[in-house]
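Visitor: sequence? don't have it. structure:
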Ligand code: PEP
C-alpha cells in the first residue's frame, strides 16, 4: 500500500501525518507493506521520522541521468542517500505534463534499480483511449518499454501500478471487474517475461477510498494500491491499509 503525496505537504503537517501513519501501520500484519512517496525536500524528514518503523518512504520521480548538468533533476542515487525504498516512475501526471515517453520511463526504472530502489512503474490509459478500445494497446506499450530494457532478474524486482488516467483524482474509480481485467492482462505480460516476473506486485490506483478499497483489493490480480488524495489523511490511508489486510486474511 503506497501513498503518493504528489506536490502536497508542509514540514509541520507532514510530521503529524508521518507519525500517525507509522503508529497505525505498526498494528498491521507484517505481510501488509506500507510506503509513502513524498516530495523530495521531505525525504530527510521522512527518513528521520520513519526509520525504525514499518513504513518505507519513496520519491515520486527520478532523473534518467546519474548526475551532471541537469538543473532541477534528482538522481536515484541521491534519493538512495536518504534511505529511500520506492521510486514512482511514469506517473500519468509526468507522462502528460512533462511529455515522458515510454522509453524515458524505462530508463528511469533502470536508474532506480541501479541505485537499489524499487521502481513503481505506473501505466494507464486516458478516457479517450479507453473509449476507443485502446486500453491494452496503450498499457501494453508502456509496460513492454520497461520490460524490454530490464533483465528477468531486474524485472522481478519492480512493482507495477495500473492507474487509469480518468480515475486519478477525479473521484471516479474503475469498477473492480474492470480493474481486474486490466490487471490480468498485465499479469500475462509479466509472466511472458519470465516465471519469476509473474509475481511482481500489481497495484491499482485511481480514487481509492476506504469505502471502495476492500472490493478492489479483493480482486485476484490486485495486490495493493497506489493511493493519492486519500494518503494525505492518516485516518483514510490507514483504513485503506486495513481493508487490504482484511482481504488478505480471507
Ligand atoms: C495517484 O496520484 O497516483 C492517485 C492514484 O491519485 P488519487 O488516489 O487521488 O486518484
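Guide: Sure, I can see it. All of these numbers come straight from a predicted model, not from anything done at the bench. Numbering: from 1, shown residues only.
Visitor: how about the residues of the protein near the ligand?
Guide: Residues of the chain lying close to the ligand by C-beta under 6 Å from any ligand atom are 4, 6, 163, 168-169, 205-208, 226-230. Every residue, glycine included, has its C-beta placed from N, CA and C.
Visitor: let's see that with 8 Å instead.
Guide: Within the chain, the positions adjacent to the ligand are 4, 6, 88, 91-93, 122, 161, 163, 167-170, 205-208, 225-231 by C-beta under 8 Å from any ligand atom.
Visitor: buried ones in the longest helix along the chain?
Guide: Looking only at the chain and at elements set by DSSP state H, the helix with the highest residue count is helix 176-193. By neighbour count on 16 or more other C-beta atoms under 10 Å, the buried set for helix 176-193 is 176, 179-183, 185-187, 189-190, 193.
Visitor: list the residues that contact the one residue in the chain that gets nearest to the ligand.
Guide: When you check the chain against the ligand by C-beta to the nearest ligand atom, the closest residue turns out to be residue 228, at 2.1 Å. By C-beta atoms under 8 Å, 6 or more residues apart in numbering, residue 228 lies in contact with 3-4, 6, 168-169, 205, 207.
Visitor: looking at this, residue 36 is in a helix?
Guide: No - under DSSP: H, G, I helix; E, B strand; the rest coil, residue 36 falls outside any helix and is assigned strand.
Visitor: that one reaches residue 60, doesn't it?
Guide: No - between residue 36 and residue 60 there is no contact under C-beta atoms under 8 Å: 10.4 Å.
Visitor: give me the neighbour count for residue 39.
Guide: With neighbours defined by other C-beta atoms under 10 Å, the count for residue 39 comes to 16.
Visitor: ok, it touching residue 60?
Guide: Yes - here residue 39 reaches residue 60: they are 7.0 Å apart, a contact under C-beta under 8 Å.
Visitor: overlap in contacts, those two.
Guide: Overlap of the contact sets of residue 39 and residue 60 (by C-beta under 8 Å, 6+ apart) consists of 5-6.
Visitor: is it true that residue 215 touches residue 176?
Guide: Yes - at 4.9 Å, residue 215 counts as touching residue 176 under the criterion of C-beta under 8 Å.
Visitor: where do the helices sit along the chain?
Guide: Ranges of helices within the chain are 11-25, 43-50, 76-80, 92-97, 102-114, 127-131, 135-149, 152-155, 176-193, 210-217, 234-249, based on DSSP H.
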